[in-house]
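Colleague: Any chance you can model this:
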Amino acid sequence: MATLFDRPTNEVIASLLSAHPDVAMSLEVARQRAWELVDPILLELCRLRIAMLLGCRAEFASRTPAAVAAGLDEASVDVLSRWMTSPLFGPRERACLAFTEQFVVDVAGLDDATAGAVRHELGEQGLVDFVNALLVVEQRQRLHVIWEQLFGDVS
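Modeller: Numbering: from 1, shown residues only. Next up, the predicted model:
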C-alpha cells in the first residue's frame with residue numbers, strides 16, 4: 001500500500017505542514033530560490049546523490065522539472081553511484097558531487113581542498129550559492145526521511 005512517503009518531498013511537506021501554511025510557504029520559497037541559484041542539472045545530480053546516500057527512494061525516483069527542462073541526461077543518473085570514474089562526469093560535476101557527499105556524511109569534515117575544487121569550478125559566488133542550495137536540498141530530504149520514520153503509516 002502506498003503511503004504519503006512514497007511521494008516527492010514537496011508533497012510530503014505540503015501534507016504534513018498543512019496546518020502551518022506559513023512554514024510550508026517559507027520552505028517552498030527556499031526551495032524555489034535554490035533552483036534559481038545553481039545550474040539545475042548540477043543541483044539535480046547532487047539532489048539525487050543525496051537521495052541515494054540518505055536512502056530516500058521517493059526523492060530518487062522523482063525528477064525536478066527545472067533539471068528535466070534544462071536537459072537532464074538519464075544516462076548520467078544511471079551511473080551516478082559511479083560518478084568518480086564515469087566519463088559522463090567532468091571536473092565540475094565531480095567537484096560538486098565530492099562536496100555533496102562530504103556535506104551529507106560529515107559536514108564538519110569538509111576540508112579546504114574539497115571546497116576549493118568547487119570554488120575553482122563555480123567561482124567564489126558560485127560556491128556560496130551552491131552551498132546554500134545544497135543545504136536546502138539536503139535538509140528537505142532529511143525532513144522527508146525523519147518524518148517517514150516518525151509517521152510512516154500515514155497515507
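
Colleague: Report the central residue of this protein.
Modeller: Geometric centre of the chain, nearest residue: Arg47, 2.3 Å, by CA atoms, centre = their mean.

Colleague: which ones are touching it?
Modeller: Going by CB atoms under 8 Å, 6 or more residues apart in numbering, Arg47 touches Glu59, Thr64, Val137, Gln141. All C-beta spots, glycine's among them, are computed from the backbone N, C-alpha and C.

Colleague: let's see it at 10 Å
Modeller: Counting by CB atoms under 10 Å, 6 or more residues apart in numbering, Arg47 makes contact with 9, 34-35, 40, 56, 59-60, 62-64, 67, 100, 133-134, 136-138, 140-141.

Colleague: likewise Leu27?
Modeller: Counting by CB under 10 Å, 6+ apart, Leu27 makes contact with Thr9, Asn10, Ile13, Ala14, Leu17, His20, Val136, Gln139, Arg140, Leu143.

Colleague: Is it possible to mark the buried ones in the residues you listed?
Modeller: Burial by neighbour count, judged by 16 or more other CB atoms under 10 Å, picks out Thr9, Asn10, Ile13, Ala14, Leu17, Val136, Arg140, Leu143 from the contacts of Leu27.

Colleague: Secondary structure for those residues - can I get that in a markdown table?
Modeller: Output for the buried ones among the contacts of Leu27, formatted as a markdown table (DSSP: H, G, I helix; E, B strand; the rest coil):
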| residue | secondary structure |
| --- | --- |
| Thr9 | helix |
| Asn10 | helix |
| Ile13 | helix |
| Ala14 | helix |
| Leu17 | coil |
| Val136 | helix |
| Arg140 | helix |
| Leu143 | helix |
